[in-house]
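Engineer: Only the shape, not the letters, is given here:
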């Protein structure tokens, strides 16, 4: 699939920087392989900051679709679960309100570090393909 006219932005939560670095590189390689133009990589401190970054990307109008990458770890409280619900809800609302496709490569909430390590490559690639598939729906 060659998508040279499609512009994609990547938003990644840096709270787990090693995972974020790998997921960003994986997504960029996959997009390059597919011939998609990456118009920006935005790194935010954590998952709670993702929705604002996505909203601002949408308002600028330079991205046709957005790939979101993060890891929400399993903690000793329900903080991660609550965060996951809030972030996913806002991202779905932004997609629908602005007709902007997104591929969500968010591992968790509730995943352990070892589970995230095993999933990081596939999650990033799946997010790329989800964003592109959603973009191509007519």
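Structural biologist: Everything's here; your move. Quick caveat: nothing in here was measured; it's all calculated off a predicted structure. Numbering: from 1, shown residues only.

Engineer: From here on, just use CA atoms for contacts and neighbour counts.
Structural biologist: Will do.

Engineer: which intervals of this structure have sub-threshold pLDDT?
Structural biologist: 1-4, 138 (pLDDT under 70).

Engineer: hey, where'd the strands end up in it?
Structural biologist: In the chain, the segments counted as strands under DSSP state E are 7-13, 37-44, 65-73, 102-111.

Engineer: Would you mind finding the most buried of those strands?
Structural biologist: strand 65-73 (a mean of 28; mean count of other C-alpha atoms under 10 Å).

Engineer: related to what we said a few turns ago, any chance of CSV for the strands of the chain, columns distance to residue 81?
Structural biologist: Formatted as CSV, the strands of the chain follow (distance: least, C-alpha to C-alpha, whole Å):
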stretch, distance to residue 81
strand 7-13, 16
strand 37-44, 19
strand 65-73, 8
strand 102-111, 5
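
Engineer: Quick one: residues contacting residue 47.
Structural biologist: Shown in contact with residue 47 (C-alpha atoms under 8 Å, 6 or more residues apart in numbering): 13, 15, 70-72, 83-84, 87.

Engineer: Could you rerun that using 6 Å?
Structural biologist: If a contact means C-alpha atoms under 6 Å, 6 or more residues apart in numbering, then residue 47 has residue 13 as its contacts.

Engineer: pull the longest helix from this structure.
Structural biologist: Counting residues, the longest helix found in the chain (DSSP state H) is helix 113-135.

Engineer: Next, give phi and psi for residue 63.
Structural biologist: When read as degrees, to the nearest 10, the backbone of residue 63 gives phi -110, psi 130.

Engineer: what's around it, how many residues?
Structural biologist: Using other C-alpha atoms under 10 Å, residue 63 has 20 other residues around it.
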